[in-house]
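J.: Return atomic coordinates for the entry below.
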Amino acid sequence: MSKSIVMATPTAIELDPEPLPSEWILSGNPEARGKMLVRSHDWSSTLVVWNCTAGSFRWHFSQDEVIFVLSGAAFLLNDDGSERRFGAGELGFFPAGTTCKWRIDDHFLKIAVLRETMWRPLGFCLKVWNKLLRIVGLKGKSPL
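T.: Alright, predicted model coming up:
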């Protein structure tokens, strides 16, 4: 079975409205938009483009999320009052279950890879299974 390769220019993609839950908004009127570009064959991972306008809000990560900021900046607000700027060119990982407070002064555009978490023993069994498939030659190895 052939697999499709997906290539896109994130800044040229028309994004759909993705309103933040009203109870998450802390100040302002942040307007979020996004688009899922692709989902993995096993449905465990997705690649999305997402942006948001100015405002402050809480965000709960229900999946593991790797973020690469394309443009703009956001500030992660810590419970102790400190904050960390997260801007263009930076990469971050947010484990499932994490809740953060965000402040965006202008705009924030990111690419994110979302991954469903799995029960740790199941993940171990999957690694063993894949190793066995490679040993008997039923799963190809990367040429790199």
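J.: quick one, phi/psi of the closest residue to residue 39 other than its chain neighbours?
T.: Leaving aside its sequence neighbours, residue 39 sits nearest to residue 46 (CB to CB, 6 or more residues apart in numbering; 4.9 Å). Just so you know, the C-beta spots here come from the backbone N, C-alpha and C atoms, and that holds for glycine as well. Main-chain torsions, residue 46, degrees, to the nearest 10: phi -140, psi 150.
J.: Identify the bridge partners of residue 46.
T.: The residues listed as beta-bridge partners of residue 46 by DSSP bridges are residue 39, residue 114.
J.: For it, the count of nearby residues, please.
T.: 17 (other CB atoms under 10 Å).
J.: try residue 31
T.: Neighbours of residue 31 (other CB under 10 Å): 15.
J.: residues contacting the closest residue to it other than its chain neighbours?
T.: The spatial neighbour of residue 31 that comes closest, neighbours along the chain excluded (CB to CB, 6+ apart), is residue 53 at 4.7 Å. Residue 53 is in contact with 29-32, 104, 106-107, counting by CB atoms under 8 Å, 6 or more residues apart in numbering.
J.: ditto for residue 70
T.: 10-11, 88, 109-111.
J.: and what of residue 110?
T.: Residues counted as contacts of residue 110 (CB under 8 Å, 6+ apart) are 49-51, 67-70.
J.: Select only the buried ones of the residues you listed in PyMOL?
T.: Here is the PyMOL command that selects only those of the contacts of residue 110 that count as buried (16 or more other CB atoms under 10 Å):
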select buried, resi 49+50+51+67+69+70
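J.: just to revisit the earlier point, the residue nearest to residue 31 looks like it's in a strand, true?
T.: Yes. Residue 53 forms part of a strand when assessed by DSSP: H, G, I helix; E, B strand; the rest coil.
J.: Okay, it and residue 107: tell me how far apart.
T.: Distance, residue 53 to residue 107, using CB to CB, to the nearest Å: 6 Å.
J.: can you check residue 120 too?
T.: 38 Å.
J.: Need the three-state assignment for the most centrally placed residue in the chain.
T.: Per CA atoms, centre = their mean, the C-alpha nearest to the average position across the chain is that of residue 112, at 3.1 Å. With three-state DSSP as the basis, residue 112 sits in strand.
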